[in-house]
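Chemist: Sequence first, predicted model second:
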Amino acid sequence: MLSYKVDEEIELVLPRPEIDGRTVYQLIDRQRDYLKEFLPWSDLLQNEEQEIAAFKDLMKEFGSGQSMTFVVHYNGETVGMIDFHNINCHNHSAEIGYWLSQDMQGKGIITRAVKSICRLGFDSYQLNRIVIIMDCDNTASKKVAERSGFHYEGKLRSYLKNGEYYKDAYIYSLLKKEN
């Protein structure tokens with residue numbers, strides 16, 4: 001298992017499709033009502049095989065430098081995911097996405113994971129700019145961005161599609177020189 005240790009409690013693990021796909025699917029399936037507010041894709045995921053296939057695709061994207069996805073472990077338990085996506089090698093930039101199990105909220109897990117993955121991106125992958133884009137109603141994600149040192153850049157109007165509706169999003173950024 002390839003992993004990146006955040007601290008004594010948190011580890012970011014490259015997904016093992018056949019193993020982590022089942023575990024992550026079960027975590028998502030138990031929390032659909034909680035997750036779907038800000039992660040509309042969670043309703044589209046209908047079985048373990050779809051998650052396993054998604055992880056296989058993510059590992060191909062990792063190999064080609066398009067994305068880098070990690071399963072978040074807290075004291076050895078799978079509790080969520082974090083990733084770099086929309087990696088732009090020419091501009092040395094990427095976006096971060098993350099989600100965390102509802103029962104693990106309030107422990108600083110995602111904030112620590114975001115700070116850590118940013119160090120990894122800046123130090124090992126030569127990123128210069130990292131962005132977080134979130135639904136304007138997602139106050140928890142806004143707090144994560146701010147606690148992680150990201151700077152508010154503005155509002156993206158009708159940027160996120162959730163069901164039949166488009167929602168505004170906030171964009172936050174962090175530069176290597178600010179880390």
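Modeler: Good, I have the coordinates.
Chemist: And the next helix or strand past the helix or strand of the chain with the lowest mean pLDDT?
Modeler: Least confident element among the helices and strands of the chain, by mean pLDDT, DSSP states H and E: helix 32-35 (a mean of 79). Note on helix 32-35: by DSSP states H and E, the next helix or strand toward the C-terminus is helix 48-64.
Chemist: Would you mind pulling the contact partners of that following helix?
Modeler: 14-18, 20-22, 24-26, 28, 45, 67-69, 83 (CB atoms under 8 Å, 6 or more residues apart in numbering). The C-beta positions use only the backbone N, C-alpha and C, and glycine is treated the same way.
Chemist: hang on, the earlier thing: what comes up buried for the least confident helix or strand of the chain?
Modeler: By neighbour count with 16 or more other CB atoms under 10 Å, helix 32-35 contains the buried residues 34, 35.
Chemist: is it fair to say residue 169 lies in a helix?
Modeler: No: Residue 169: not assigned to a helix; according to DSSP: H, G, I helix; E, B strand; the rest coil it is strand.
Chemist: The most centrally placed residue in the chain pairs with what?
Modeler: A centroid search over the chain (CA atoms, centre = their mean) returns residue 98, at 2.3 Å, as the residue closest to the centre. Beta-bridge partners of residue 98, counted by DSSP bridges, are residue 82.
Chemist: Does it touch residue 80 like I think?
Modeler: Yes: the pair residue 98 and residue 80 passes the contact test of CB atoms under 8 Å, sitting 6.6 Å apart.
Chemist: circling back to that earlier point, give me the subset of the contacts of helix 48-64 lying in helices.
Modeler: 17, 18, 20, 21, 22, 24, 25, 26, 28 (DSSP state H).
Chemist: Spell out which residues are contacts of both of residue 98 and residue 80.
Modeler: With CB under 8 Å, 6+ apart, residue 98 and residue 80 have common neighbours 72, 110.
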